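K.L.:
have a look; sequence and predicted model below, questions after that.
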Amino acid sequence: MTKKIIVVDDEQDIRIALFESLSRQGYNVSVAENGAVALDIIKRNPPDLVITDIKMPQIDGLQLLRELRRQSRDLQVLIITGHATVDSAVEAMKLGAFDYILKPVSPEVVGDVVNLAFQAVDPGKSPDVRGLIRRRRSKKEPKNLIGQDGDLRRIIEKARSVASSKATVLLLGETGTGKEVFARFIHLESDRRQSPFVALNCAALPENLLESELFGHEKGAFTGAVSGKKGRFEQADGGTLLLDEISEIPLHLQAKLLRVLQEGEVDRLGGHGPVKIDVHVLAASNRDLEKEVEDGNFRQDLYYRINVIPLRLPPLRERKNDIYQLCRYFIEKYSAQYNKDVKKMSAVAWKRFLTYNWPGNVREMENLVERAVLLSVSSQLEVRDFWDEDSGIEPDDFKTGNGAALDVGDNLPELTDNNEIMPLKDMERQMILQALQKTDDNRTHAARMLGISVRTLRNKLHEYRNQGLLE
């Protein structure tokens, strides 16, 4: 029987992200913007698990938890909050919350804890679920971006060098190149990593809501403003704010945004005075902002203000040598998420991956791999698992059993941008870097995996650093 979950949070982006992620895992998910709405939904359709924020209008998360405990001692409740205090954490655990998770948090981590929560009430599962949670949450958030492409590594080094500054970083690149992933990397590399990371997709909100989401509002500022609300700048105070698709902000709001960046303070809608903030601002766009300025769609002074550290992310078609590593990561990720066997790819599927143009970049690959992991019924991943027959792929590629299966990471010939064999010294370097990444930079384990001595590995790394090939 499908488990039912209700997500309670006053932030729309979080509700959407958790709804999509948990629904993909097969759960029946409902959402509510505050505790009052949640109680009404729960009364009509009792869930198996509740995920709730703490700080919300009308009925907050702790009040909701108290009411749920009066109704049932068995209902599992997870607390997720960006406003953590020792008192609230202690009270939540005393009231029987299964776990207390701090924002920012990825939907994947929430999904892991949800799975563990359901295991805890299943008598057939291991009783040490709390230990699993502690081990899961004690692991560091992964900081490494996947790929060893030379241009990408140079951009990563530049990003790392400015991560702890307040210089505005402008992330440019086609849709799907990983601009938000890169922004999270910058946050985790900075001295603000313990503070909030807040992302806002400026293209996802109508103009009449965008100003309130950015700068916040006071109670009564407009029709429907039944309580005050902090904007994204205040939510990110002390941390990092990503303004994704910044080119979609209307011109009249661009002027207000420019003032916030220059003065370090925001004016809430209906507010009585400015509120000081300390935020590292990152901006992202898939458009040519210089052309947008020329066309009169983007303010020139704002462009100069956000273009302090421009980082242009390369499209996947220019990172052919990273396809193996990315594909391996996504196959393992979704096989684990959906409890599937980790399958190899057919030779024909590999050929198609290496010659495909990837118009949707890394995001397209991730979606295709997730689809293949779910749909595959044969012993290996075939072209038909990734693409439909009307997608423009060669018809012969859809024949099954067309060549032996190849594991992601087998010693396949690497391709350069000209589809030539990669030089041996470059392949050696890539294998060493991949081994270090797989072993979390443990040189002893990496050397053992490569079949070389630690001294040889140390000498190779020293050589790469002298050549400027390693950060």
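P.N.:
Perfect, thanks for sending it. Given the structure is predicted, the values throughout are model-derived calculations rather than measurements.
K.L.:
and S227, how far from D341?
P.N.:
50 Å (CB to CB, to the nearest Å). C-beta coordinates here come from the backbone N, C-alpha and C atoms, glycine included.
K.L.:
for the two, indicate the residue with more neighbours.
P.N.:
More neighbours surround S227 than the other of S227 and D341, with 13 against 8 (other CB atoms under 10 Å).
K.L.:
where does the stretch 351-471 of the chain have low pLDDT?
P.N.:
Across the stretch 351-471 of the chain, the ranges flagged by pLDDT under 70 are 390-427, 451, 469-471.
K.L.:
now with 80, please.
P.N.:
Applying pLDDT under 80 to the stretch 351-471 of the chain flags the ranges 389-431, 434-435, 437-441, 445-453, 464-471.
K.L.:
same check, this time on the stretch 51-200 of the chain
P.N.:
For the stretch 51-200 of the chain, the ranges with pLDDT under 80 are 81-94, 100-109, 116, 119-145, 148.
K.L.:
show me where it has its strands.
P.N.:
Along the stretch 51-200 of the chain, counting by DSSP state E, counting those that start in this stretch, strands occupy 76-81, 99-102, 169-172, 197-201.
K.L.:
distance to R312 and mean neighbour count for the ones you listed - can I get that in a markdown table?
P.N.:
Below are the strands of the stretch 51-200 of the chain laid out as a markdown table (distance: least, CB to CB, whole Å; neighbours: other CB atoms under 10 Å):
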| stretch | distance to R312 | mean neighbour count |
| --- | --- | --- |
| strand 76-81 | 34 | 24 |
| strand 99-102 | 33 | 18 |
| strand 169-172 | 5 | 23 |
| strand 197-201 | 20 | 21 |
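K.L.:
redo those strands as JSON lines? Include distance to K460.
P.N.:
Listed next are the strands of the stretch 51-200 of the chain as JSON lines, based on distance: least, CB to CB, whole Å:
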{"stretch": "strand 76-81", "distance to K460": "44"}
{"stretch": "strand 99-102", "distance to K460": "39"}
{"stretch": "strand 169-172", "distance to K460": "32"}
{"stretch": "strand 197-201", "distance to K460": "35"}
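K.L.:
quick one: closest of these to N367.
P.N.:
strand 197-201 (17.6 Å; CB to CB).
K.L.:
on contacts alone, who are the packing partners of the helix or strand that the closest one is followed by?
P.N.:
Downstream of strand 197-201, the first helix or strand assigned by DSSP states H and E is helix 207-215. With contacts defined as 3 or more CB pairs under 8 Å, 6 or more residues apart in numbering; DSSP states H and E, helix 207-215 has these neighbours: helix 232-235, helix 251-263.
K.L.:
point out the most buried one among those helices.
P.N.:
helix 232-235 (a mean of 22; mean count of other CB atoms under 10 Å).
K.L.:
contact partners of it?
P.N.:
82, 196, 198, 200, 213-216, 241, 260, 266, 275, 277, 279 (CB atoms under 8 Å, 6 or more residues apart in numbering).
K.L.:
no further questions, thank you.
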